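Engineer: Following is a predicted model, sequence given first.
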Amino acid sequence: MRSFIAQNVKNLRPSGIRKYFDIAATMEDVVTLGIGEPDFATPAHITEQAIESMRAGQTAYTSNSGTIELRQAISDYIERLYGIYYAPDDQILVTVGVSEALWLAMKAILDPGDEVLVVEPCFVANAAAVEMAGGVAVMVPTRVEDGFQVTGETLERYVSPRTKAILISYPNNPTGAVLTRSRMLEIAAVAQKHDLVVISDEIYERLIYSDYQHVNFASLPGMYERTILLSGMSKSFAMTGWRVGYATAAPDIMNAMRKLHQYLIMSAPTMGQIAAVQALTHGEDDVQMMRENYDRRRRLIVEGFNNLGLTCFEPRGAFYAFPSIASTGLSDEEFCETLLHKERVAVIPGSAFGASGAGFIRASYTSSYETIEAALERMGRFLQRRGLLTPVAQTML
């Protein structure tokens with residue numbers, strides 16, 4: 001019997017993250033820095049709001065676009081933070097997480113063979129979303145020397161007559177990089193020059209540290225009509241399992257995305273939408289508490305990697321550290337597999353997020369302070385046994 005699997009599905013690369021979770025699941029006493037999920041429970045007042053709604057019988061479908069209460073809350077939230085206004089009626093769509101929003105955006109704008117410049121390292125689903133929508137993902141590299149920020153000059157080298165969009169994800173997973181306003185203006189100039197759409201995934205927008213500031217891409221001069229903005233509740237509000245994201249865009253793009261969403265999903269989970277209203281309107285103190293905790297962990301893990309001789313790029317946003325393992329002489333995949341088997345510490349090879357990530361590893365600091373300390377201690381033993389531990393680190397073991 002012939003194979004019934006579509007060729008484009010066969011061609012999709014499996015997630016480079018899943019492999020390490022599958023291995024770790026067969027082992028005991030694994031310390032994991034692999035998963036990009038808050039270790040905080042959803043704040044109680046948010047959960048209670050959803051429970052009360054279910055008790056009141058609010059369990060039916062909502063409008064395809066999402067409840068008007070949530071769309072209004074999203075509009076108010078964006079305007080409060082960034083000073084730009086999206087109309088709840090025709091510029092905001094509530095989705096099942098940012099993953100759905102990303103696919104809808106691609107499917108809405110791409111004809112077969114259209115190219116999207118995908119800045120990497122990036123989340124493993126980014127290129128796949130382009131390919132599943134019938135487009136061609138053109139990977140655009142970044143360098144640690146540039147702070148993993150894409151430059152306008154680099155983008156220009158990858159533009160072709162088939163280019164239709166630029167996909168950026170900042171604050172960045174896996175590097176923790178944050179785009180400066182000047183770099184954003186370079187991207188905007190390329191988009192205007194070549195008449196491109198910019199899809200900006202800003203799911204980590206509230207997790208920014210030190211004196212760095214997040215700039216909403218749509219707030220840049222001339223970018224409001226060109227930007228499809230993606231965000232959601234998962235990271236900032238510790239609501240990953242609720243599966244509530246959203247997209248904002250110009251009405252014509254939003255209408256196309258809504259049409260796809262109608263057939264694909266119907267509506268995002270009703271109780272999740274009710275919880276999201278509570279989060280956006282009353283969850284600011286929770287965001288600040290979690291951000292402060294992540295910042296403390298961030299400083300611990302960056303200092304720890306540097307002391308171990310694994311030079312660590314300073315993450316300015318999100319909740320990932322991205323140290324170089326070049327000093328070990330191992331590839332990033334060899335390092336991660338050996339570390340997992342020898343010391344039972346789970347981290348992810350940087351190459352899982354694109355060629356620019358080769359030679360680095362991603363370590364999430366969503367785990368507790370004590371878990372991070374334990375992971376660093378085990379990694380120190382791992383390096384010591386291989387004769388790779390720095391003199392400073394040896395005095396700390």
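Structural biologist: Perfect, I can see it now.
Engineer: ok, now which ones touch the residue nearest to D39 when sequence neighbours are not counted?
Structural biologist: Among residues not flanking D39 along the chain, T366 sits closest, at 5.1 Å (CB to CB, 6 or more residues apart in numbering). (C-beta placed from N, C-alpha, C; glycine too.) Counting by CB atoms under 8 Å, 6 or more residues apart in numbering, T366 touches 35-39, 294, 297, 319.
Engineer: Swap in 7 Å and give it another go.
Structural biologist: By CB atoms under 7 Å, 6 or more residues apart in numbering, the contact set of T366 is 36-39, 319.
Engineer: per-residue confidence at V30?
Structural biologist: pLDDT recorded at V30 is 87.
Engineer: Wait, it touches K342, no?
Structural biologist: No: contact criterion CB atoms under 7 Å: V30 and K342 do not qualify, at 12.0 Å.
Engineer: Compare the two (neighbour count), which wins?
Structural biologist: For V30 versus K342, the count of surrounding residues by other CB atoms under 10 Å is larger for V30: 17 against 13.
Engineer: Which of the contacts of T366 ranks first by neighbour count?
Structural biologist: By neighbour count, taken as other CB under 10 Å, the most surrounded of those turns out to be F319 (29 neighbours).
Engineer: how much space between that one and T240?
Structural biologist: With distances taken as CB to CB, to the nearest Å, F319 is found 12 Å from T240.
Engineer: contacting residues for V119?
Structural biologist: Residues in contact with V119, defined by CB under 7 Å, 6+ apart, are 140, 142, 150, 167-168.
Engineer: and the next element down the chain from the host helix or strand of it?
Structural biologist: Assessed by DSSP states H and E, V119 sits inside strand 115-120. Next along the chain after strand 115-120, taking DSSP H and E as the criterion, comes helix 125-132.
Engineer: shaky segments in this structure?
Structural biologist: 16, 20-21, 23-25, 390-397 (pLDDT under 70).
Engineer: Show me how it divides into domains.
Structural biologist: Using automatic domain parsing, the domains assigned to the chain come out as 7-42+285-396, 45-283.
Engineer: Tell me which of the ones you listed sits most buried.
Structural biologist: domain 45-283 (a mean of 20; mean count of other CB atoms under 10 Å).
Engineer: can you give me phi and psi for the residue nearest to D39?
Structural biologist: phi -80, psi -10 (degrees, to the nearest 10).
Engineer: Return the distance of it relative to P141.
Structural biologist: Distance from T366 to P141, by CB to CB: 27 Å.
Engineer: hmm, which two among the contacts of T366 are most spread apart?
Structural biologist: G36 and D39 (11.0 Å; CB to CB).
Engineer: Find the centremost residue of the chain, please.
Structural biologist: N173 (4.7 Å; CA atoms, centre = their mean).
Engineer: doesn't A125 make contact with it?
Structural biologist: No: judged on CB under 7 Å, N173 makes no contact with A125 at a distance of 10.2 Å.
Engineer: for whichever strand or helix holds L81, packing partners?
Structural biologist: Using DSSP H and E, L81 sits in helix 68-82. Where contact means 3 or more CB pairs under 7 Å, 6 or more residues apart in numbering; DSSP states H and E, helix 68-82 is packed against strand 92-95, helix 270-282.
Engineer: Ok, which of those comes nearest E337?
Structural biologist: strand 92-95 (35.2 Å).
Engineer: quick one: contacts of the closest one?
Structural biologist: When contacts are defined by CB under 7 Å, 6+ apart, strand 92-95 is touched by residues 65-66, 70-71, 74-75, 86, 101, 104, 244-248, 254, 257-258, 261, 268, 273.
Engineer: Which ones among those map onto strands?
Structural biologist: Applying DSSP state E to those, the entries found in strands are 245-248.
Engineer: Kindly indicate which of the residues you listed lies nearest E370.
Structural biologist: G245 (31.4 Å).
Engineer: Could you find the closest non-adjacent residue to that closest one?
Structural biologist: In this structure, G245 finds its nearest non-sequential neighbour in G232, 3.1 Å apart by CB to CB, 6+ apart.
Engineer: ok, the one you found to Q149 distance?
Structural biologist: G232 sits 23 Å away from Q149, going by CB to CB.
Engineer: just M257 next, same as before
Structural biologist: Counting by CB to CB, the gap from M257 to Q149 is 28 Å.
Engineer: got the residue ranges for the helices in the stretch 51-200 of the chain?
Structural biologist: For the stretch 51-200 of the chain, the helices defined by DSSP state H, counting those that start in this stretch occupy 68-82, 97-109, 125-132, 152-158, 181-194.
Engineer: Could you verify my assumption that G283 touches A44?
Structural biologist: No: the pair G283 / A44 is not scored as a contact, 11.1 Å apart, by CB under 7 Å.
Engineer: before we move on, the earlier item: dump the ones in strands among the contacts of strand 92-95 into TSV; add distance to M184 as well.
Structural biologist: Listed next are the ones in strands among the contacts of strand 92-95 as TSV, based on distance: CB to CB, whole Å:
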residue	distance to M184
G245	22
Y246	21
A247	19
T248	17
